[in-house]
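K.L.:
Sequence plus the predicted model coming up.
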Amino acid sequence: FEGDLKWDHNDITYRVLNHSPDLDADVIDDAFVRAFKVWSDVSPLTFTQIYSGEADIMILFGSDDHGDPYPFDGKDGLLAHAYPPGEGVQGDAHFDDDEFWTLGTGVVVKTRFGYSLFLVAAHEFGHAIGLEHSAVRDALMYPMYSYIEDFQLHQDDVAGVQYLY
Ligand SMILES: COc1ccc(S(=O)(=O)[C@H](CC(=O)O)C(F)F)cc1
Ligand SMILES: [Ca+2]
Ligand SMILES: [Zn+2]
Ligand SMILES: [Zn+2]
């Protein structure tokens, strides 16, 4: 996706426009808080949830055609996408609601058939702050989803965000 290199401010706002039926709303909101913390822990960025108006990062769950030129594709395949920093749709993160969203803390069998909302969100928020994909297999920004039990940000991810901010 085209977009700017990085945000021109460090106090980023985000707004959750809707929730997936797969998890309780407060579980989803907590997963997003933890996914943002991955990046605020290693950068000068702060992420604040707002509940009305236009946020830097607008988050929504949608399936197939969900209002932008990049429709989702049903179960599996594309899991989510996010736009690089900038105005309007830039910076926004969309999650494919044809996926079954779970969390690692749940029963492992559910995670095996579901996707960790925390892991996917942390990856998408990486794009939303300007990060591209990593070539390092163990990096969060590696383009392939792989379930990780106890997640650890890779040095390559840290180098990426600290290069930008
Ligand atoms: C680890 O986090 C993710 C890995 C892969 C994806 S994805 O398979 O949905 C990817 C989108 C992306 O890289 O953000 C695909 F090209 F659509 C999303 C999150
Ligand atoms: Ca999909
Ligand atoms: Zn979209
Ligand atoms: Zn990606």
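P.N.:
That came through fine. Ligands and ions are numbered 1, 2, ... in the order given.
K.L.:
CA atoms for contacts and neighbours, from now on please.
P.N.:
OK.
K.L.:
check contacts around the closest residue to residue 136 other than its chain neighbours.
P.N.:
The shortest distance from residue 136 to any non-neighbouring residue, by C-alpha to C-alpha, 6 or more residues apart in numbering, is to residue 142 (6.2 Å). Shown in contact with residue 142 (C-alpha atoms under 8 Å, 6 or more residues apart in numbering): 133-136.
K.L.:
let's see 10 Å
P.N.:
Counting by C-alpha atoms under 10 Å, 6 or more residues apart in numbering, residue 142 touches 123, 132-136, 156-157.
K.L.:
just checking, residue 23 touches residue 114?
P.N.:
No. Between residue 23 and residue 114 there is no contact under C-alpha atoms under 10 Å: 11.5 Å.
K.L.:
Need the residues touching each of those two.
P.N.:
Both residue 23 and residue 114 are contacted by 100-103, under the criterion C-alpha under 10 Å, 6+ apart.
K.L.:
on that earlier part again, from the contacts of residue 142, which is closest to residue 2?
P.N.:
Checking the contacts of residue 142 against residue 2 with C-alpha to C-alpha, the nearest one is residue 132 at 11.2 Å.
K.L.:
Stretch 155-163: which residues count as buried?
P.N.:
Within stretch 155-163, the residues that count as buried by 16 or more other C-alpha atoms under 10 Å are 156-158, 160-161.
K.L.:
re earlier: so which of the shared contacts of residue 23 and residue 114 reach ligand 1?
P.N.:
Among the shared contacts of residue 23 and residue 114, none lies close to ligand 1 by the criterion of C-alpha under 6 Å from any ligand atom.
K.L.:
Of those, which belong to strands?
P.N.:
Using DSSP state E, the members of the shared contacts of residue 23 and residue 114 that fall in strands are 101-102.
K.L.:
still on that earlier bit, same drill for residue 23 and residue 114, tell me which one is more crowded.
P.N.:
Set residue 23 next to residue 114 and count neighbours by other C-alpha atoms under 10 Å: residue 114 wins out with 18 against 15.
K.L.:
Fine, thanks again, bye for now.
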